[in-house]
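> need a 3D model of the sequence below.
(chains A, B, C and D)
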There are 2 protein chains.
Amino acid sequence: MPSLSIGAAAAASGVKVPTIRYYESIDLLPSPPRTGSNRRSYDAADVRRLAFIRHARELGFEVEAIRALLKLQDEPDQSCAAADAIARDRLAEVEHRIASLEALRAELMRMVEGCSHGHVGRCRVIEILADHGECRHHREAEPLALAGRAGS
Amino acid sequence: MPSLSIGAAAAASGVKVPTIRYYESIDLLPSPPRTGSNRRSYDAADVRRLAFIRHARELGFEVEAIRALLKLQDEPDQSCAAADAIARDRLAEVEHRIASLEALRAELMRMVEGCSHGHVGRCRVIEILADHGECRHHREAEPLALAGRAGS
DNA sequence: GCTACATCCTCTAGCGACTAGAGGATCAAG
DNA sequence: CTTGATCCTCTAGTCGCTAGAGGATGTAGC
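Residues are numbered from 1 along each chain as shown, chains lettered A, B, ... in the order given. As a prediction, the model looks like this:
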């Protein structure tokens, strides 16, 4: 059983060292065994789990959704109904998010295209942001998935 | 000069009352004059500024980006290039994320279909999420912008 | 005028998902 | 055997709000 330090697991998974410890603290990653000198030792399965979490986070899933997906992964023989429900739930979420982002993209494209590289006085970016009424995507008062910060 | 209470300004701009106070505290909105009884009094320009901020936040611009856009708006004789660059950055990020989510949606749909009869034993979604290398859209190890939370 | 109740004020604390730093132990290389 | 990287735990900070306490003021009905 090959054992990896937290640093090696971080390098292998792309999840930062403090973030791994954070995931352990919120029980998203099981507490690994420790060496004699109290260091965490991970195996390949942990690295896969971390990569899974990282990828899902990059796709915008919240930790609770990832928890559900991980549970699905941990019990691959569970009844189809439960799994199906989780998957459909995620699918709906993903589709909603895509729709929101596409509306957003359309608006951003209008802004960028409208910018004739003149002066701000005639800049569509500013104009469109200033005038809410011009905004098409905003009929639904739905919370949009917004940008947060970068991973690394 | 028509003067609005913070509640009226909130109703007119769509920004919540505590959020307005928060924007003032981070100097995104100038401190308005106060009435004799220490209440904030806003005018139409403040409401426009708030609507601008709200719209930009809904489009996923970070507060610092909005600060930059507002500065541009305040000095409208500058070149449009800066505003354009900010919008282009957001557009690139949004497009990247749409591509990721569409790949994921395809996998989720396959899973939901495949799941209709039987067990989840070999789930492509899990595999794709677990194995970063398998994921086509994600060859670049670029730090992706992650999803945060909604504005309203 | 008096009573309700809405709205306002300031302040502090909390959320999610981390990130940064202090202060100390341990490891691997030269 | 020392140097420097890595590890440990812990607390506190980040962003963009949101919620609540505890109190002052405004407004409407009687």
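> all contacts plus neighbour counts: C-alpha atoms, from now on.
Will do.
> what is the rounded mean pLDDT of whichever strand or helix holds A:Ala9?
In this assignment (DSSP states H and E), A:Ala9 forms part of helix A:6-13. When pLDDT is averaged along helix A:6-13, the result is 96.
> how far off centre is it?
19 Å (C-alpha atoms, centre = their mean, to the nearest Å).
> next up, phi/psi of the residue of chain A found nearest DNA strand C, please.
In chain A, no residue comes nearer to DNA strand C than A:Glu62, which is 3.5 Å away by C-alpha to the nearest atom of the strand. When read as degrees, to the nearest 10, the backbone of A:Glu62 gives phi -80, psi 160.
> repeat that for A:Leu4.
Per degrees, to the nearest 10, the backbone of A:Leu4 is at phi -110, psi 140.
> quick check, the longest helix along chain A touching chain B?
When chain A is parsed with DSSP state H, its longest helix is helix A:80-114. Yes. Applying C-alpha under 8 Å from any C-alpha of the partner chain, one finds helix A:80-114 touching chain B at A:80, A:83-84, A:87-88, A:90-91, A:94-95, A:98, A:101-102, A:104-105, A:108-109, A:111-112.
> by mean pLDDT, point me to the weakest helix or strand of chain A.
Lowest by mean pLDDT, DSSP states H and E among the helices and strands of chain A is strand A:147-150, with a mean of 36.
> on that earlier part again, moving C-terminal of the longest helix of chain A, what's the next helix or strand?
Counting by DSSP H and E, the next helix or strand C-terminal to helix A:80-114 is helix A:124-130.
> that following helix close to DNA strand D?
No. Taking C-alpha under 7 Å from any atom of the strand as the criterion, helix A:124-130 and DNA strand D are apart, separated by no less than 14.5 Å.
> give the buried residues for that helix.
A:Arg124, A:Val125, A:Ile126, A:Glu127, A:Ile128, A:Leu129, A:Ala130 (16 or more other C-alpha atoms under 10 Å in any protein chain shown).
> that helix and chain B, are they touching?
Yes. Helix A:124-130 reaches chain B (C-alpha under 8 Å from any C-alpha) through A:Val125, A:Ile126, A:Leu129, A:Ala130.
> contacting residues for the residue nearest to the first one when sequence neighbours are not counted?
So that's A:Val125. In space, and not counting its chain neighbours, A:Val125 is closest to A:Met111: 4.7 Å by C-alpha to C-alpha, 6 or more residues apart in numbering or on different chains. By C-alpha atoms under 8 Å, 6 or more residues apart in numbering or on different chains, the contact set of A:Met111 is A:Arg124, A:Val125, A:Ile128, B:Asp84, B:Ala87.
> now the residues you listed in a markdown table, with distance to DNA strand C and pLDDT?
A markdown table is the format used below for the contacts of A:Met111 (distance: C-alpha to the nearest atom of the strand, whole Å; pLDDT from 0 to 100):
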| residue | distance to DNA strand C | pLDDT |
| --- | --- | --- |
| A:Arg124 | 30 | 69 |
| A:Val125 | 27 | 70 |
| A:Ile128 | 27 | 72 |
| B:Asp84 | 27 | 83 |
| B:Ala87 | 23 | 81 |
